[in-house]
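Enquirer: Got a predicted model here, sequence first, then my questions.
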Amino acid sequence: MRRRGAEKENRSRKAARPKRRIGPGVTHRRGASTADLQEQLDHRTRELSETLEQQTATAEILRIISSSPTDVQRVFDTIVRNFVSLCGSISGTIFTFDGKLVHSCGRLWLFAGAA
């Protein structure tokens, strides 16, 4: 004679398969249209390009820091230049605070012809 709980124990001992994960923004449905897939591809391409720009800017800043650790003005100028470029801005300024006063230490203004 079998017990009811014995069947449940056997079922629970099955090896669980890991769930397949998909990234955010990716739908998993049958019959996704070509337009939907193209939109997803375009979205991912934009994200990848933006990430690459950010990593390139970070690498440049780190390179400047390691090549001249005592020349902080070059570091500030590089940070502002990369900020303006990444944000699509026409200007950028970095301020420092020494405990009493605020100082402008890095500044960049792009003129209409320079953008």
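Expert: Alright, I've got the coordinates.

Enquirer: CA only for contacts and neighbour counts going forward, please
Expert: Will do.

Enquirer: Against Asp42, how distant is Ser49?
Expert: From Ser49 over to Asp42 the distance is 11 Å, taken as Cα to Cα, to the nearest Å.

Enquirer: got it, and Arg107?
Expert: 34 Å.

Enquirer: swap in Ile61?
Expert: From Ile61 to Asp42 the distance is 29 Å (Cα to Cα).

Enquirer: Compare neighbour counts for the two and give me the winner.
Expert: Comparing Ile61 with Asp42 by other Cα atoms under 10 Å, the one with more neighbours is Ile61, at 19 against 12.

Enquirer: Wait, the more buried one touches Ile79, no?
Expert: Yes: at 6.5 Å, Ile61 counts as touching Ile79 under the criterion of Cα atoms under 8 Å.

Enquirer: ok, longest helix in the protein?
Expert: In the chain, assigned by DSSP state H, the helix with the most residues is helix 34-67.

Enquirer: quick one: buried residues of it?
Expert: Using 16 or more other Cα atoms under 10 Å as the test for burial, helix 34-67 gives 54, 57, 60-61, 64-65.

Enquirer: model confidence over the helix or strand that it is followed by, on average?
Expert: Of the helices and strands lying after helix 34-67 in sequence (DSSP states H and E), the nearest is helix 72-87. Computed over helix 72-87, the mean pLDDT rounds to 90.

Enquirer: Ser104 belongs to a helix, doesn't it?
Expert: No: going by DSSP: H, G, I helix; E, B strand; the rest coil, the assignment for Ser104 is strand, not a helix.

Enquirer: No further questions, thank you.
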